[in-house]
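> No letters, just coordinates:
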């Protein structure tokens with residue numbers, strides 16, 4: 001329950017943005033008619049849910065209101081919450097780490113909180129009694145290696161690292177060998193966050209994936225894309241671009257507590273068919289938690 005309170009507090013800006021937009025529509029419209037739906041759609045778009053997803057939500061809502069013969073505004077509002085909750089529940093947000101070792105590959109542009117997220121995920125699994133190994137395969141920036149090193153020390157995890165500008169795939173190769181030798185449960189690999197040259201990124205990730213496939217055949221694998229919630233619709237575009245370059249299994253959404261644009265969670269789930277697996281609602285090591293669709297929808301609309 002403690003995390004639900006934290007989630008609710010962390011989503012306050014988003015919740016206020018969506019609630020204010022939606023409530024202002026219901027305060028003006030007494031009758032459930034086409035104009036109400038049009039204004040609701042506009043309110044959702046304004047709340048960063050995006051045009052495509054907002055249109056889908058309203059079409060769905062319209063059908064439900066009609067089939068259930070709803071004439072009361074409060075019931076329409078309750079139905080709207082259900083439509084959004086259903087969208088978020090469509091994707092399976094559980095982590096699939098069934099083998100020893102399992103591999104988590106983490107991708108995303110610089111500045112979104114990628115390394116910090118890796119540190120927090122490592123701490124999370126470590127606190128569950130798992131043996132975690134980190135691979136500093138973002139060799140593009142010395143700062144990324146140093147930062148991951150600090151997190152490894154802080155969370156009590158081992159780390160495999162090479163010099164700056166060395167081949168990321170060779171770091172992953174060494175990490176796979178170490179994971180096998182040390183009886184590691186979870187191997188978490190950081191990668192370079194370059195999107196401006198998608199070709200390079202794709203080639204690099206393909207090489208890394210080949211190494212993992214060869215060295216740890218049959219290992220459970222998650223490829224997580226880290227996105228910064230404060231960038232709003234730009235995060236949705238990044239999800240689209242990275243999906244074209246890599247086989248993403250889930251999203252880590254950071255900095256939700258600092259933005260009113262948390263509605264993008266709904267857009268990412270709907271438009272990219274990608275489950276959100278972790279959300280960050282604060283600076284603390286425990287403030288990155290596994291995503292729960294029901295809790296998220298409840299925190300978003302909790303009056």
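Right, received. Where do you want to start? Given the structure is predicted, the values throughout are model-derived calculations rather than measurements.
> which stretches of the stretch 101-250 of the chain form strands?
For the stretch 101-250 of the chain, applying DSSP state E, counting those that start in this stretch gives strands covering 102-107, 132-137, 158-160, 186-191, 221-228, 250-254.
> The fourth one pairs with which strands, parallel or anti?
Sheet pairing here is set by DSSP bridges, and for strand 186-191 it gives strand 102-107 (parallel), strand 132-137 (parallel).
> if we can go back for a sec, reformat the strands of the stretch 101-250 of the chain as JSON lines; add mean neighbour count and distance to residue 272.
Where C-beta positions appear, they are placed from N, C-alpha and C, glycine not excepted. Output for these, formatted as JSON lines (neighbours: other Cβ atoms under 10 Å; distance: least, Cβ to Cβ, whole Å):
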{"stretch": "strand 102-107", "mean neighbour count": "25", "distance to residue 272": "14"}
{"stretch": "strand 132-137", "mean neighbour count": "28", "distance to residue 272": "24"}
{"stretch": "strand 158-160", "mean neighbour count": "20", "distance to residue 272": "31"}
{"stretch": "strand 186-191", "mean neighbour count": "27", "distance to residue 272": "19"}
{"stretch": "strand 221-228", "mean neighbour count": "23", "distance to residue 272": "9"}
{"stretch": "strand 250-254", "mean neighbour count": "25", "distance to residue 272": "8"}
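> Same list (those) but as JSON lines, adding distance to residue 278 and mean pLDDT.
Shown next, in JSON lines, are the strands of the stretch 101-250 of the chain (distance: least, Cβ to Cβ, whole Å; pLDDT from 0 to 100):
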{"stretch": "strand 102-107", "distance to residue 278": "10", "mean pLDDT": "96"}
{"stretch": "strand 132-137", "distance to residue 278": "15", "mean pLDDT": "97"}
{"stretch": "strand 158-160", "distance to residue 278": "20", "mean pLDDT": "97"}
{"stretch": "strand 186-191", "distance to residue 278": "12", "mean pLDDT": "96"}
{"stretch": "strand 221-228", "distance to residue 278": "7", "mean pLDDT": "95"}
{"stretch": "strand 250-254", "distance to residue 278": "4", "mean pLDDT": "94"}
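> Which elements pack onto the helix-or-strand element of the chain with minimal mean pLDDT?
The helix or strand of the chain with the poorest confidence is helix 2-10; it has a mean of 80 (mean pLDDT, DSSP states H and E). Secondary-structure packing of helix 2-10 (3 or more Cβ pairs under 8 Å, 6 or more residues apart in numbering; DSSP states H and E): helix 293-301.
> Quick one: residues in contact with the helix it packs on.
Outside helix 293-301, the residues that touch it by Cβ atoms under 8 Å, 6 or more residues apart in numbering are 4, 7-8, 11, 14-15, 18-19, 81, 84-85, 88-89, 91, 93, 262, 265, 279.
> so where's the stretch 1-150 of the chain uncertain?
Along the stretch 1-150 of the chain, segments meeting pLDDT under 70 span 1-3.
> do that again at 90, thanks
Low-confidence segments of the stretch 1-150 of the chain (pLDDT under 90): 1-33, 35-36, 43-50, 70-75, 77-78, 81-82, 85, 88-93, 109-113, 140-143.
> Next up, the contacts around residue 167.
residue 139.
> what does the model give it for pLDDT?
Here the pLDDT value assigned to residue 167 is 94.
> Ok, residue 154 next?
Note on residue 154: pLDDT of 91.
> Test my guess that it contacts residue 120.
No - counting by Cβ atoms under 8 Å, residue 154 stays clear of residue 120, with 10.0 Å between them.
> Need the overlap of contacts for these two.
Here residue 154 and residue 120 have residue 285 as joint contacts, going by Cβ under 8 Å, 6+ apart.
> re earlier: which outside residues touch the least confident helix or strand of the chain?
With Cβ under 8 Å, 6+ apart, helix 2-10 has contacts from 15, 256-257, 279, 281-282, 286-287, 289, 295-296, 298-299, 302.
> Okay then, goodbye and thanks.
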